[in-house]
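Student: need the 3D shape of this:
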Amino acid sequence: MIHEVTRLMLEIGVPVHLKGYHYLREAICLTAEDMELVGSVTKLLYPQIAKRFVTTDGKVERAVRNAIEVSWERGNAEMFEQIFGYSRDTGKTRPTNSEYIACMADKVRLDFMQ
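Tutor: Modelled structure (predicted):
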């Protein structure tokens, strides 16, 4: 599953050199395995990732937000359209961290099941 998440993140344009890339990939993988985590991003998901990467949940949240913002501004607008149904080109604002993680995890789950 991690290969599918990595491929998807690279296609959408999340830069690999950002710390948030690694946190986001972990968040998407964990959420794809357990969609309940999307309802408790700040209470369960970020602390779990912070523990794994030996950092704080606040730093995880900020790094994930930054990775999403960068991919939103500079990434592949066509892929955003396919996955989220909108992109920066449609004038909408970027998805929230939890929306982004949920949509990406759902796409991975659907693709992985086929």
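
Student: please, where are all the strands along the protein?
Tutor: Applying DSSP state E to the chain gives no strands.

Student: now do the helices in it.
Tutor: Using DSSP state H, the helices of the chain run over 2-12, 19-33, 46-53, 57-74, 77-84, 97-113.

Student: closest one to T90 among the ones you listed?
Tutor: The closest of the helices of the chain to T90 is helix 77-84. By C-beta to C-beta, the value is 7.7 Å. Any C-beta I mention is one placed from the backbone N, CA and C, and that applies to glycine too.

Student: please identify the buried residues of stretch 70-84?
Tutor: By 16 or more other C-beta atoms under 10 Å, the buried positions in stretch 70-84 come out as V70, S71, W72, G75, N76, A77, M79, F80, I83, F84.

Student: tell me the contacts of Q48?
Tutor: L30, L37 (C-beta atoms under 8 Å, 6 or more residues apart in numbering).

Student: can you check the pLDDT for it?
Tutor: pLDDT for Q48: 96.

Student: same check, this time on M113
Tutor: The model reports M113 with a pLDDT of 68.

Student: try D57
Tutor: Looking at D57, its pLDDT is 94.

Student: any idea how many residues pack against it?
Tutor: D57 has 18 neighbours, counted by other C-beta atoms under 10 Å.

Student: thought it was touching V41?
Tutor: No. Counting by C-beta atoms under 8 Å, D57 stays clear of V41, with 9.7 Å between them.

Student: could the buried residues of stretch 70-84 go into CSV alongside distance to Q48 and pLDDT?
Tutor: As requested, the buried residues of stretch 70-84 are exported to CSV (distance: C-beta to C-beta, whole Å; pLDDT from 0 to 100):
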residue, distance to Q48, pLDDT
V70, 23, 95
S71, 22, 94
W72, 24, 94
G75, 26, 92
N76, 28, 93
A77, 31, 91
M79, 27, 91
F80, 26, 92
I83, 24, 90
F84, 24, 91
